[in-house]
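Colleague: Pasting a predicted model and its sequence here:
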Amino acid sequence: MKSIKRVDGWLLVIILISIFLHFYNIGNAGSNVYYTAAAKSMTANWKAFFFAALDPEGFITVDKPPVALWFQALSVAIFGVSDWSVLLPEALAGVGSTLLIYFIVKPFAGKAAARWASLIFVCTPIFVAVARTNNIDAILIFTLLVAAWALMKVIWKQRLSWLLASFALVGLGFNMKMLQAYMVLPAFYLFYWLAGKGAWKQRLWHLTAATAVVLAVSLSYAVIADMMPKDKRPYIGSSQTNSVLELALGYNGIERLTGAAGPGGKRDMRGDNEFQDRNGQMNHSADPSSHSSLSNPSEGALYSRPNLNGEWPVGEFRTGGGQPPGGMGGIGRGETGQPSVFRLFQQQLAGQISWLLPFVLFTAVGLFASIRRQRAITLLHRFLLFWFAWLVPMAVFFSVAGFYHRYYLSMMAPAIAVLVAVGSELLWQFYKEQNGFWRWLFPGALLMTFLFESYVVFQQRSSLSTIWPLSLVLYGLAVFCFLIAFRQQKKVVHYLKIASLLGLLVMPFYWSLTPLLYGGNSSIPYAGPDLKRPDAYGQRAFGGREEREVTSDLLAYLEKHYNGEKYLAATMRANTAAELMLKTDKAVMAMGGFLGTDPVLTTEQLAKMTRNGEVKYFLISGFGRGGEGNSELIQWIETHCQEVPQAEWQTNAETVKSWDEQEDEMPPMERSIKLYEYKG
């Protein structure tokens, strides 16, 4: 009975909400075929499993280290390959993160703050959106929260082993998404320096040892892979030198800050991602970094198509959730707004993560006031400083970075949740106990946050009625007035506090519901009411340009003419290969990696492979010419191979048509998808 009484009933309610948001209608947006194909291939053999190879033959890896994908591969091994099986680990990580935040906050700020932190985290739209896909951010965040929990244990247990374990887990996160995991390290260093026991020399020694551990764990996979003979392992996808370390520092590192990995960057080759709009102008909005097949149209990615009722065939791997894939997520740099101090408050990002940032600013003021008032930095102050040190470097990076996707913002979700929850308790104490300026912090935080939320909602007036922002303003003003009027009535203001905080979560919760209700983009997930609009910007302008129903015809032709080659076919881009491999157990070679620009093969190597009978068929599009080396590969294919007439491998040619079929023009990506055969 005692154990039953110890269970926090409100925590159970919050966990049930989290389970609902992460699991209800899961798979309605399909899965990211790039990672799904890799998870399937990884179950074929240990080599593919260890390196996270895209194909079962181990020709090339995906553009991330393997650790997070190991969980997806294990799920596929247990449950079989499907959207659901690859989404399961991420959804579980989302629920687990909710629980972890509760247990991290409770020892420092109490049960009430822990509940609020978990609830606020649950209502973070972009985290819900990404945790419902097989992009690996949810598992990364879960891992980093376990690391934070271990770091907090250092304070209570006073054992170096907890510190080393904490930093080792950050190193494990590096082997999921590389330098993205290191974004939390400033917070880890600061917290131990402020909260750790012992003389400064001892703390410095401990942090030096922890640094050695995080580097050793981080580089373990890179050292193993880079020291192995290159002909004994897959090519490291999205690297230019076949090196894991170069991938970490380049494509998954500094190129995100400079924008080199995004549209217009050095990897964005002209002719590969451009197409003409209806006025004949070149449209650069296509995003070469998105993993959506559609976001890389130049390879002529192969799609299944919904029926006339808008329903997708059961069991299909898809990238749009009942709508043309792409969505606003496929808009490239327009996806994240313009770099500036106020970038996180711009329309593209505000509804994903920034709802409660005004409250966080008031928490910062309250923290400063509390330290000044007590003339000492308490353990609670150190705890809050840890989360500010988690949040601020990320906010700076996401404000100035040249290229990233909106779902990367989910990294900020734990810090915002904790700072609002614990900050509300801190400001509440000022409200009850102080006179003068400081007592206005809590009502002011509420009012300013309600006003900002109404602004965010007003920006979506094309999708939502204007009554919503007006209601938020009125609700915020009412709460503010009641808090001032009933300050002396403790029971009344207690319920007012609960009502006000719940009111702040109404619109973020609705935003979090939109991926459940309307589907979304499984490759570049985001949340918001515009998901329900079939004509949302980015869907017709880019994502909805073409839907193809050629996979089955092409696959039937390739398998009919398959004669034991190592690869069923070869493509330039990875997503086309992934689409095919999800429908066959044979390997498909992605000659140019994810973007089609990786220098994996020379023409001499390709010629040798064809002569040895390793590959016979090549699927190339008119927009498939990437960098110089890959242009040479395509030229070699066009010179030494014979084109297969389209009528032979696409029996139902009428089904290849534009979503804009009422117009006479043919979209550029429709112009030339060609199948070539090497005949010696």
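Modeller: That came through, no problem. Residues are numbered from 1 along each chain as shown.

Colleague: low-confidence ranges in the stretch 51-200 of the chain?
Modeller: Scanning the stretch 51-200 of the chain for pLDDT under 70 picks out nothing.

Colleague: go on, the stretch 501-650 of the chain?
Modeller: Across the stretch 501-650 of the chain (using pLDDT under 70), the flagged ranges come out as 534-550, 622-629.

Colleague: Can you report how many residues neighbour residue 173?
Modeller: 29 (other Cβ atoms under 10 Å). (C-beta placed from N, C-alpha, C; glycine too.)

Colleague: Now do the buried residues in whatever helix or strand it lives in.
Modeller: In this assignment (DSSP states H and E), residue 173 forms part of helix 160-177. The neighbour-count check on helix 160-177 (16 or more other Cβ atoms under 10 Å) flags 162-177 as buried.

Colleague: tell me the two of these that are most distant?
Modeller: 162 and 177 (23.9 Å; Cβ to Cβ).

Colleague: can you map out the helices along the stretch 151-300 of the chain?
Modeller: In the stretch 151-300 of the chain, the helices defined using DSSP state H, counting those that start in this stretch lie at 160-177, 185-195, 200-227, 244-249, 255-258.

Colleague: Tell me the helices and strands packed up against the longest one.
Modeller: Counting contacts by 3 or more Cβ pairs under 8 Å, 6 or more residues apart in numbering; DSSP states H and E, the secondary-structure elements packed against helix 200-227 are helix 160-177, helix 185-195, helix 244-249.

Colleague: how about 10 Å then?
Modeller: Judged by 3 or more Cβ pairs under 10 Å, 6 or more residues apart in numbering; DSSP states H and E, helix 200-227 is in contact with helix 46-51, helix 137-157, helix 160-177, helix 185-195, helix 244-249.

Colleague: Residue 25 and residue 91: what is the separation?
Modeller: 11 Å (Cβ to Cβ, to the nearest Å).

Colleague: Helix, strand, or coil at residue 674?
Modeller: The local conformation at residue 674, judged by DSSP: H, G, I helix; E, B strand; the rest coil, is strand.

Colleague: the more surrounded of residue 25 and residue 91?
Modeller: The residue with more neighbours, out of residue 25 and residue 91, is residue 91; 24 against 14, by other Cβ under 10 Å.

Colleague: tell me the contacts of the more buried one?
Modeller: Residues near residue 91 by Cβ atoms under 10 Å, 6 or more residues apart in numbering: 18-19, 21-24, 26-27, 84, 128, 131-134, 138.

Colleague: Swap in 7 Å and give it another go.
Modeller: Residue 91 makes contacts with 22, 23, 26, 131, 132, as judged by Cβ atoms under 7 Å, 6 or more residues apart in numbering.

Colleague: now swap in residue 252 and tell me
Modeller: When contacts are taken as Cβ under 7 Å, 6+ apart, residue 252 is in contact with 178, 179.

Colleague: host element of residue 484?
Modeller: helix 467-485.

Colleague: Give me the contact list for stretch 29-40.
Modeller: 52-54, 62, 69, 72-73, 76, 81, 83, 86-87, 132-135, 291, 293, 317-321, 515, 519-523, 574-575, 578-579, 581-582.

Colleague: Assign residue 595 to helix, strand or coil.
Modeller: At residue 595 the chain is in coil, as set by three-state DSSP.

Colleague: and it, how many residues sit next to it?
Modeller: With other Cβ under 10 Å as criterion, residue 595 counts 28.

Colleague: just residue 219 next, same as before
Modeller: 17.

Colleague: got it, and residue 465?
Modeller: Neighbours around residue 465, by other Cβ under 10 Å: 10.

Colleague: Surely it is within a strand?
Modeller: No - using three-state DSSP, the assignment for residue 465 is coil, not a strand.

Colleague: Which pLDDT value does the model give it?
Modeller: pLDDT, residue 465: 78.

Colleague: I'd like to know how far it sits from residue 520.
Modeller: 22 Å.

Colleague: again with residue 564
Modeller: The separation that residue 564 has from residue 520, given Cβ to Cβ, amounts to 41 Å.

Colleague: The two: who's more crowded?
Modeller: Neighbours were counted for residue 564 and for residue 520 using other Cβ under 10 Å; residue 520 has more, 30 against 5.

Colleague: ok so that one is a strand residue?
Modeller: No - counting by three-state DSSP, residue 520 falls outside a strand, being coil.

Colleague: Specify the local secondary structure of residue 134.
Modeller: Under three-state DSSP, residue 134 comes out as coil.
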